[in-house]
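Peer 1: got a structure for you, letters missing:
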């Protein structure tokens, strides 16, 4: 019987079995950032330990970086966190992509951009969206700070093995439907805890045809469906993306690496613990109405009504609608918004801005809407600026910002105020996630955010921008 | 680095309402601007304990004087979902909790808690609801979690709980912080590193 990519990577990285039965897993690539690493370095110092393989650890700053003046921390606490990571990387010999490097950005954008993220590897980071890197056929997952200490000190961690669920999506997406809709659709279908105990293998012709950016968007939100990691088998699209990147192998090593990477792909006769099959044509532009990423509906649907809901869903819907202040049973389309945000590790890559710019050109953000576009990395920002994308956004009425996590979470100056409602291309609609304890988030694709910004209300981008078979891209 | 085994936790318990309680709810991100975990206890569940507009205490169970000093948290399904921040279990431990009983836990939160020696056990909704009702009826009720027998008991109430075998073993053996064992395998670590072309 064949093996899945997950099993092959797991086996290749198994150091041994610990006394409690867990696997001691080798972590080939360790990514760190300013929020979850300082305490781990503190623990290393307390124990008198060093970083085992400094060349396998890569750092950047993203969560607390302001997106207006990047090098002016918002407050002394933010400044202390930046000072800490600089000092820690310096003291322990870790590669650090600082603001002045021109390579800084959201850690999950930087890794792939630099070619650090490679097929067949294990990648850990003190950040749950580490699953993003699975798009390259890596087993990548988020860890806590004590585990960051473990990986720094030993390049390994204690880990329980996962089951593997194959999620196969086949066919072409309809015009105006994007990778973000695919991931929101899957989470809606399987629930926010449906993936607990699983690694997700995303497969099928839809994924075969996806770009690396699209694969990253889906893998990024594996955790929102409860799965610790998600991956796509490496193929020519993967290799094409990686070729020539700073940390990619070169010359003869490149050929050897590609052969090895291919060998990690799931075998045709591999068995899965579970298989889900989805028809791409069934996926509509999807938005959230509540306070969990599985509170999703297609843009044509109405907000759930607790009075007609299943008994076990009643309290959940009531709590979500009380927080969201949205009317039960009415269409989600047409709900006014205050803020529009395009960015984050889910949708802050070049292709996201290119696609949104295509439709924003010649349009204007509605009066009263604050709209911000935040590139996921300095490199993304520079490329967008070369292509004039920043100008299109600015002419439409968006603020064009510098790279960082921005309004995905509340650790930098970009925050909702009061109960503002935000059309957001980010990944979480939890209570208070975007910085105001009563702020409201509606998750959607970047194009749907652009449409909401232009109309001043939640809209169907296909109508706003007259998306047809001809204007849509795959 | 020797740590004491954890075989039993007992104390009074506080039930909190809601499903899918995420780690942003447990510790809002703005309180993660820190370079140590010290002092996080006071911010646990901050935005549901204090009204965001008035700043006044809400009627959240953690503000209820009757549950003051509770060392066991009782919650619903998928507790601790979302962000991997260890700040969440750190804040609960520093707030004063020694164990959590819930219908189910999100995976990263679960692992982070175990590593800190904060046992997380799960049981069916019926059992959890019965325990919640008993604690609400009598907040001074002594609840005990026995990790050997994998049972929760509170006066007349008693039911089985679950926990992955590895976590239970680690807690019972006092090896829930694995650093020593990881370090001890240095030779095997180096052999694995040498076998991986991208590490080499």
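Peer 2: Cool, got the structure. All values reported here derive from a predicted model rather than from experimental measurement. Numbering: from 1, shown residues only, chains lettered A, B, ... in the order given.
Peer 1: can you show me the strands along the stretch 51-200 of chain A?
Peer 2: Secondary structure of the stretch 51-200 of chain A by DSSP state E, counting those that start in this stretch: the strands cover A:57-60, A:95-97, A:122-125, A:139-142, A:156-159, A:163-170, A:198-203.
Peer 1: in CSV: those strands, plus mean pLDDT and distance to chain B.
Peer 2: In short, each C-beta sits where N, CA and C put it, glycine included. Listed next are the strands of the stretch 51-200 of chain A as CSV, based on pLDDT from 0 to 100; distance: least, Cβ to the nearest Cβ, whole Å:
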stretch, mean pLDDT, distance to chain B
strand A:57-60, 98, 12
strand A:95-97, 98, 15
strand A:122-125, 98, 8
strand A:139-142, 98, 4
strand A:156-159, 97, 4
strand A:163-170, 98, 12
strand A:198-203, 98, 9
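Peer 1: possible to save these as TSV with distance to residue A:41 and mean neighbour count?
Peer 2: As requested, the strands of the stretch 51-200 of chain A are exported to TSV (distance: least, Cβ to Cβ, whole Å; neighbours: other Cβ atoms under 10 Å in any protein chain shown):
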stretch	distance to residue A:41	mean neighbour count
strand A:57-60	10	25
strand A:95-97	12	20
strand A:122-125	15	28
strand A:139-142	18	29
strand A:156-159	16	28
strand A:163-170	34	20
strand A:198-203	29	26
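Peer 1: buried stuff in stretch B:96-103?
Peer 2: Buried residues in stretch B:96-103, counted by 16 or more other Cβ atoms under 10 Å in any protein chain shown: B:97-103.
Peer 1: model confidence for the closest residue to residue B:40 other than its chain neighbours, exactly?
Peer 2: Distances taken as Cβ to Cβ, 6 or more residues apart in numbering or on different chains put residue B:91 closest to residue B:40, at 4.0 Å, once the chain neighbours are dropped. Per-residue confidence (pLDDT) for residue B:91: 98.
Peer 1: among the buried residues of stretch B:96-103, name the ones in strands.
Peer 2: Among the buried residues of stretch B:96-103, the ones falling in strands (DSSP state E) are B:99-102.
Peer 1: ok, residue B:59 to chain A distance?
Peer 2: In this view, residue B:59 and chain A are 14 Å apart by Cβ to the nearest Cβ, to the nearest Å.
Peer 1: count the residues that sit near that residue.
Peer 2: Neighbourhood size, residue B:59 [other Cβ atoms under 10 Å in any protein chain shown]: 8.
Peer 1: looking at this, it is in a strand?
Peer 2: No. Read with DSSP: H, G, I helix; E, B strand; the rest coil, residue B:59 is coil and lies in no strand.
Peer 1: circling back: got the contact list for the residue nearest to residue B:40?
Peer 2: Contact analysis of residue B:91 by Cβ atoms under 8 Å, 6 or more residues apart in numbering or on different chains lists B:26-27, B:31, B:40-41, B:43-44.
Peer 1: and residue 190, how many neighbours does it have?
Peer 2: Using chain A. The criterion is other Cβ under 10 Å. On that basis, residue A:190 has 20 neighbouring residues.
Peer 1: think we crossed wires, I meant chain B
Peer 2: Neighbour count for residue B:190, taken as other Cβ under 10 Å: 14.
Peer 1: in terms of helices and strands, where is it?
Peer 2: Per DSSP states H and E, residue B:190 falls inside helix B:186-195.
Peer 1: show residues contacting that helix.
Peer 2: Residues from elsewhere that reach helix B:186-195, judged by Cβ under 8 Å, 6+ apart: A:12-16, A:24, A:26, A:52-53, A:154-156, B:182, B:199-200.
Peer 1: just how off-centre is it within its chain?
Peer 2: Distance of helix B:186-195 from the chain centroid (Cα atoms, centre = their mean, to the nearest Å) equals 33 Å.
Peer 1: just give me the neighbour total for residue B:142.
Peer 2: 13.
Peer 1: list the contacts for it?
Peer 2: With contact set as Cβ under 8 Å, 6+ apart, residue B:142 has these partners: B:10-12, B:154-155.
Peer 1: tell me the two of the residues you listed that are most distant?
Peer 2: Pairwise distances across the contacts of residue B:142 peak at 13.9 Å for B:11 and B:155 (criterion: Cβ to Cβ).
Peer 1: who has more neighbours out of the two?
Peer 2: More neighbours surround residue B:11 than the other of residue B:11 and residue B:155, with 16 against 10 (other Cβ under 10 Å).
Peer 1: and the nearest residue to the more buried one once chain neighbours are set aside, how close does it get to chain A?
Peer 2: Closest residue to residue B:11 apart from its sequence neighbours, by Cβ to Cβ, 6+ apart: residue B:71 at 3.4 Å. Look at residue B:71 and chain A: by Cβ to the nearest Cβ, they are 21 Å apart.
Peer 1: and the closest residue to chain B within the stretch 351-474 of chain A, its phi and psi?
Peer 2: With Cβ to the nearest Cβ, the shortest gap between the stretch 351-474 of chain A and chain B falls at residue A:437, namely 3.5 Å. According to degrees, to the nearest 10, the main-chain angles of residue A:437 amount to phi -60, psi -20.
Peer 1: so who does the spatially closest residue to it that is not a sequence neighbour touch?
Peer 2: Among residues not flanking residue A:437 along the chain, residue B:52 sits closest, at 3.5 Å (Cβ to Cβ, 6+ apart). Residue B:52 is in contact with A:432, A:436-438, counting by Cβ under 8 Å, 6+ apart.
Peer 1: between those, which is closest to residue A:283?
Peer 2: Each of those was scored against residue A:283 by Cβ to Cβ, and residue A:432 proved nearest at 29.4 Å.
Peer 1: you'd agree the closest one is up against residue B:25?
Peer 2: Yes. When contacts are counted by Cβ atoms under 8 Å, residue A:432 is listed as touching residue B:25 (7.2 Å).
Peer 1: can you name every helix or strand that the biggest helix by length in chain B contacts?
Peer 2: Under DSSP state H, the helix in chain B containing the largest number of residues is helix B:125-137. Secondary-structure packing of helix B:125-137 (3 or more Cβ pairs under 8 Å, 6 or more residues apart in numbering or on different chains; DSSP states H and E): strand B:13-15, strand B:72-75, strand B:99-102, strand B:151-154, strand B:157-160.
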